[in-house]
Each structure stands twice: as C-alpha cells, then as structure tokens.
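Asker: Need a 3D model of the sequence below.
(4 chains)
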Protein chains: 2
Amino acid sequence: MTDGAQAMTATETATFELRELIFAGDLAPGSNHLEGELAARLGMSRTPVREAMMLLQQQGLVTVQPRRGMRVLPISVKDMEEIYELLTVLESAAAAGAAARQPDEMALSPLTQAIADMDHALADEDLIAWARADDAFHAALVALSGNQRLVRVTEQIVDQVRRARRITLYLRPLPVKSNDDHWRVLEAIRAGDAETAHAVHRAHRQETKVMLIGILKKNQLRQL
Amino acid sequence: MTDGAQAMTATETATFELRELIFAGDLAPGSNHLEGELAARLGMSRTPVREAMMLLQQQGLVTVQPRRGMRVLPISVKDMEEIYELLTVLESAAAAGAAARQPDEMALSPLTQAIADMDHALADEDLIAWARADDAFHAALVALSGNQRLVRVTEQIVDQVRRARRITLYLRPLPVKSNDDHWRVLEAIRAGDAETAHAVHRAHRQETKVMLIGILKKNQLRQL
DNA sequence: GCATTCATTAATGTATACATTATAGTGATG
DNA sequence: CATCACTATAATGTATACATTAATGAATGC
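Answerer: All right, here's what the predicted structure looks like:
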C-alpha cells in the first residue's frame, strides 16, 4: 500500500469523529443527538454510529438513552474533583512504579523531551504547544509504570476532562511551576526514589486540582 | 408489570450471558468464538452479540479480531501482578477517601455486615460464601470513597480477575488474616484516620497479591 | 516436488428492512 | 379548562440482506 493510512472501519471512523466533535465542543455538553442525525452527518448508516455511541458511553464521554439519543456529558465541578482525585492516585502510583523500575536514559527520553518542549513552549508563551507537551509528559510517565491496565484506565479518565482543560488553559496562570514539578519527578525517577517521585507528583496533581477548581468557581463555570 | 424483571434488551442479555459464560469458564480462556456461533447459542441475531462483544472488549475481558471472532483473554501471572497492583492503588485510595469523609454507622453498615458474613462463612468453612462477602466488603469500601469513577474503574478491574479468583479460592489457605485486616480498615475509617486506613488496606492487598502469585507459581498455573 | 497464483468460501462490516415502543398530540369528557 | 385515553409517529432494537475481505486450497508452472 502506498499511503500510510490504514483502512479504518466505519465504526472506528465514527468513534474517532465523534470524539473529535465532543472534544472540540462541536457537540455541545448536555446536547442530545439521535442515531439518525449523526449517521447522516457522518455519511454512514446507523449501525456503525450506534456502535460508536455505545463505545463512547463506556468511555464515560456520553450517555445513551432510548429516545433521546446520545447525550454529551457535561463536566461539573464535582466531576472535576472526582477526575483529578483519581488522576492523582493513578499518576502518582505510576511515578512510584516508574522509579522502582529504574528505567535507563533511553526509556526516560520521552519525559526529558516533553519537559524540553514545555520549556520552549513556555518561553514562547505558546499555550497550545505547552498543553500538548504536558499531555505527553503525563502519558509518558504512566507508560513508564509498565502497567498496561494503568495506562488504559488513565487515558480514559484524561479523556473525560479533555474538553474542560481546553477551556481552563486560557484562564489559568502561566504554568511555570508545573515545569519545575515535572523536573523534580524526573529526577526522583532517575534516582530510583519511588517515595519522592510519588510524593512530588501527588502534590503537583493536587495543586493543579485546587487551582482548576478555583478557576471554575471564580469564573462561575458550573458546567463545561 | 407483574414481575420484577425489567425488560432487558437483547444486547444487555448477550452481554450478561457472555460475562457469565466467561466467568464460569464455559468459554475457556484463550478460546475463540465467532459472532454466528454465539448468536445461535444465545438464540438471537448477530447484531446484539456483536455489540456485546465490543463492550466486553472494552471491559478488557476479550479481544475481537476480524476473522477469529471473540477471544477470551487468559490471565497470566503478569496480568495478575498488573491487576493487583492497580487494585491496591485504587482500593487503598478509596479507604483513605472513606476515612476522610467520616461516614456514619448507617453508611458503614455494608462494611460491618460484610465482615460479619465473612466471620460466619469462615466458621462454617464455606469458601463460596466467604468470597461473596469479601467481594461485598471491597465493593462497599470503594463505594464509600464517594468517587463514582473510582467505583466504575475498580469494578472493571475486579471483573478481569474474577475467573482467576474462583480457582485460587480453593488453593489458598483459609483467609483468617483477611478478616482481621478488614476489621482494622473499618476501625481506621470509623476513627477518620485516612493514613492508617490507606496503609492497612494497602498492606492487605499487597499480601494478597504476593500470596496469589505464589500460589500460581507453585501450582504451575501460567494461564487462567 | 515446491511455490505461486487464482478461485472459492466463510466471516465480518455495513446497510436496510422490520418490529417494538415510548412520546407527543389530538380529541373527548368531566 | 383540565385530564385522560387513544392514536399517530418517530426513534430505537433487532434481524436480515448485501458487500467486502481475508484465508484456504487447488491447480499450474517451474
């Protein structure tokens, strides 16, 4: 085959497209969408759309109700709290696990690269690039835990808060401290110090949580 | 309606039935099953079976491959390690969360009931009843965290190890220490002592993990 | 005798047809 | 005017038909 694009099944296309629409806010939080509508919009029959809807429901992005179609789940302040508490637990466990495994420099390179990218982005005040690098850091950290199930679960939870993060990104202060935190986590992992890696990352996530919740409340953003 | 059984959709029925078949081992670990076969077996068309297969795949119980049908995922020693590490993290976080919320006695009653049931089952040497009560304790503990997402995620991970636990149940020593551990967790929650609740439950799960892994290796059970 | 290619077949992926069911709307009745 | 029942309708849930595709096996050429 000449093009790198592997053949995607219609269900996969639908799942991907719907996720994009949800993350971008093109399917508004709280809005309902019938199978037929979405099928027409995506240019396919109801069957793959229906399957995609079920998958997205299980991923915690939407709910599907018999005559109301697919409802895009809004993210409330309480949801943000739940999600960040869970992310704190999962990622700090990953940090400890990564430190315990004593990865070599090559294995650590995604972390170092992500930190470098974050530094550059911060110098350029390019928030989009910073968010992308921050995501990469967190994903790489979880991957380093070596626990594939932890990776899966964390990805799913991160997805649930993706839309909210796009919005708070422009409301939060410049994330200078984040970069420092990440550096300290990396150092602890390098040193094989699971305790410190856990504690530092845990504190980082908890601070992030408090900051974001504060932003939501200050800006009266009760739903995202 | 006169009967309490609410109408289940065929997809729900298929999902439920397939889960039961997988948990019971009637669909053997590692075995493959085509859509058509399962549809005939369950007395329905391919459509709901196909949907159920996708859901079970997302729940981490099976994989679905184009021409091979649904493959029931075997649980290896490494899987057990992954799962118990994750459960340790999730449940001990739940224990800490429960303690922090200071639930009243009524909220704690599922825990006390479960412990009582475990005591009775142990006195009767009724392992099945003990396992059921143990499950109830862990589920109630996670529910007490108040984090709905934590509940969902934990349920999913527990399901992945359900089949293995049915087997190790008869290979492990009588779980006398478990009951004591659970009692200490309950006491810590009562006292609002998140640190202790976390530490005690964490130790409990880690000991369980070590014991189960030991049993698997001793009995040469490389796949379950 | 072995490898390669082509055809056949079986299973999936998707579309569509059909059955079921909940909801909205209309009309009648108190 | 409000309420209840009934009907019409629209959306879903399921079955089935159809198209696509990968795997198996046979046949042919080397």
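Asker: buried stuff in stretch A:8-20?
Answerer: The neighbour-count check on stretch A:8-20 (16 or more other Cβ atoms under 10 Å in any protein chain shown) flags A:10-11, A:13-15, A:17-19 as buried. Just so you know, the C-beta spots here come from the backbone N, C-alpha and C atoms, and that holds for glycine as well.
Asker: Show me the contact partners of it.
Answerer: A:26-27, A:38, A:42, A:44-45, A:47-49, A:51-53, A:55-56, A:61, A:159 (Cβ atoms under 8 Å, 6 or more residues apart in numbering or on different chains).
Asker: Report the buried residues of stretch A:76-91.
Answerer: Neighbour-count burial for stretch A:76-91, counted by 16+ other Cβ under 10 Å, picks out A:76, A:79-91.
Asker: So which residues on chain A come close to DNA strand C?
Answerer: Residues of chain A lying close to DNA strand C (Cβ under 7 Å from any atom of the strand) are A:9-11, A:13, A:44-48, A:66-67.
Asker: Among those residues, which ones lie close to DNA strand D?
Answerer: Within the residues of chain A next to DNA strand C, those near DNA strand D by Cβ under 7 Å from any atom of the strand are A:46-47, A:66-67.
Asker: Between all of those, which two are separated the most?
Answerer: Largest separation among those by Cβ to Cβ: A:T47 and A:R67, giving 18.7 Å.
Asker: And the buried residues of stretch A:8-20, which is closest to chain B?
Answerer: When the buried residues of stretch A:8-20 are ranked by distance to chain B (Cβ to the nearest Cβ), A:T11 comes first, at 8.1 Å.
Asker: per-residue pLDDT, the residue nearest to the spatial centre of chain A?
Answerer: The centroid of chain A falls nearest to A:V158 when counting by Cα atoms, centre = their mean (2.9 Å). Note on A:V158: pLDDT of 97.
Asker: same check, this time on A:T15
Answerer: For A:T15, pLDDT reads 96.
Asker: if I read this right, A:R50 contacts A:E35, doesn't it?
Answerer: Yes: contact status for A:R50 versus A:E35: in contact at 5.5 Å, counting by Cβ atoms under 8 Å.
Asker: where does chain A dip in pLDDT?
Answerer: Residues of chain A that meet the criterion pLDDT under 70 lie in A:1-6.
Asker: Please flag which of the residues of chain A next to DNA strand C sit within strands.
Answerer: The members of the residues of chain A next to DNA strand C all map outside strands under DSSP state E.
Asker: ok, of those residues, which one's closest to DNA strand D?
Answerer: Nearest to DNA strand D, judged by Cβ to the nearest atom of the strand, of those is A:P66 at 4.5 Å.
Asker: hmm, the helix or strand containing A:A96 touching chain B?
Answerer: A:A96 belongs to helix A:77-101 when assigned by DSSP states H and E. Yes: Helix A:77-101 reaches chain B (Cβ under 8 Å from any Cβ of the partner chain) through A:82-83, A:85-86, A:89-90, A:93, A:97.
Asker: where do the strands sit along chain A?
Answerer: With DSSP E as the criterion, chain A has strands at A:32-33, A:62-65, A:69-72.
Asker: and the shortest one, what other elements does it pack with?
Answerer: Helices and strands touching strand A:32-33, as assessed by 3 or more Cβ pairs under 8 Å, 6 or more residues apart in numbering or on different chains; DSSP states H and E, comprise strand A:69-72.
Asker: Any chance you could list what contacts the strand it packs on?
Answerer: With contact meaning Cβ under 8 Å, 6+ apart, strand A:69-72 is reached by A:22, A:27-35, A:37-38, A:53, A:56-57, A:61-65.
Asker: Show me the subset of these that also lies near DNA strand D.
Answerer: Filtering these for neighbours of DNA strand D using Cβ under 7 Å from any atom of the strand leaves A:34-35, A:64.
Asker: is it possible to export those residues to JSON lines including neighbour count?
Answerer: Below are those laid out as JSON lines (neighbours: other Cβ atoms under 10 Å in any protein chain shown):
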{"residue": "A:L34", "neighbour count": "14"}
{"residue": "A:E35", "neighbour count": "17"}
{"residue": "A:V64", "neighbour count": "17"}
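Asker: ok, the residue lying closest to A:R68 once chain neighbours are set aside to A:D79 distance?
Answerer: Excluding the flanking residues, the one nearest A:R68 by Cβ to Cβ, 6 or more residues apart in numbering or on different chains is A:N32, at 5.0 Å. Distance, A:N32 to A:D79, by Cβ to Cβ, to the nearest Å: 19 Å.
Asker: ditto for A:F16
Answerer: For A:F16, the distance to A:D79 - Cβ to Cβ - is 24 Å.
Asker: and chain A, what are its domains?
Answerer: Using automatic domain parsing, the domain parsing of chain A gives A:10-72, A:77-218.
Asker: Brilliant, that's me finished.
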